[in-house]
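> any chance you can model this:
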Amino acid sequence: LEKMKPIAAIVNDNVRPFSFPEPVKTVASPIIALNNVNVGYVEGEPILKKMTLRIDADDRIALLGANGNGKSTFAKLLSGRLKQESGTMTVAPGLKVAIFAQHQLDDLR
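Okay, the predicted model is just below:
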């Protein structure tokens, strides 16, 4: 590494502090439960089918997959931006789900 020449100068941008507020109260588990849920953008043409899962308050999840595999669709379902076509989705009272998408970071600059 010592022999490598620098490619570009190091940018020292100001970093704005960011933190989430502490939750007012603990939300009971499961915070989200899906039972046999189908979801999509065109009625009768689900993209994600027969999803059954449970997310508890202490769970940490990551959405990984190739382009077009439904990650954004799943996130929109969890946040309430898309409604399920069939099945049941239960969200704990008081739970707020938000999406911070990759393209939104570009909008902050």
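
> which helix is the longest one in this structure?
The longest helix of the chain (DSSP state H) is helix 71-79.

> pull out the buried positions in that helix.
72, 73, 74, 75, 76, 77, 78 (16 or more other Cβ atoms under 10 Å). The C-beta positions use only the backbone N, C-alpha and C, and glycine is treated the same way.

> what about stretch 35-51, distance to the chain center?
17 Å (Cα atoms, centre = their mean, to the nearest Å).

> residues in contact with it?
If you take Cβ atoms under 8 Å, 6 or more residues apart in numbering as the criterion, stretch 35-51 is touched by 34, 52, 70, 73-74, 77, 82-90.

> among these, which ones are in helices?
Short answer: these in helices (DSSP H) are 73, 74, 77.

> these two touch, right, the last one and residue 87?
No. Under the contact definition of Cβ atoms under 8 Å, residue 77 does not touch residue 87, with a separation of 10.5 Å.

> now do the same contact list for the spatially most central residue of the chain.
By Cα atoms, centre = their mean, the chain has its centre lying nearest to residue 75, at 4.4 Å. Listed by Cβ under 8 Å, 6+ apart, the contact partners of residue 75 are 63, 99.

> what's the spacing between it and residue 98?
Per Cβ to Cβ, to the nearest Å, residue 75 is found 10 Å from residue 98.

> do residue 61 as well
Using Cβ to Cβ, we find residue 61 at a distance of 14 Å from residue 98.

> same question, residue 69
From residue 69 to residue 98 the distance is 22 Å (Cβ to Cβ).

> more neighbours: which of the two?
Taking other Cβ atoms under 10 Å, residue 69 and residue 98 do not tie; residue 69 has more neighbours (13 against 10).
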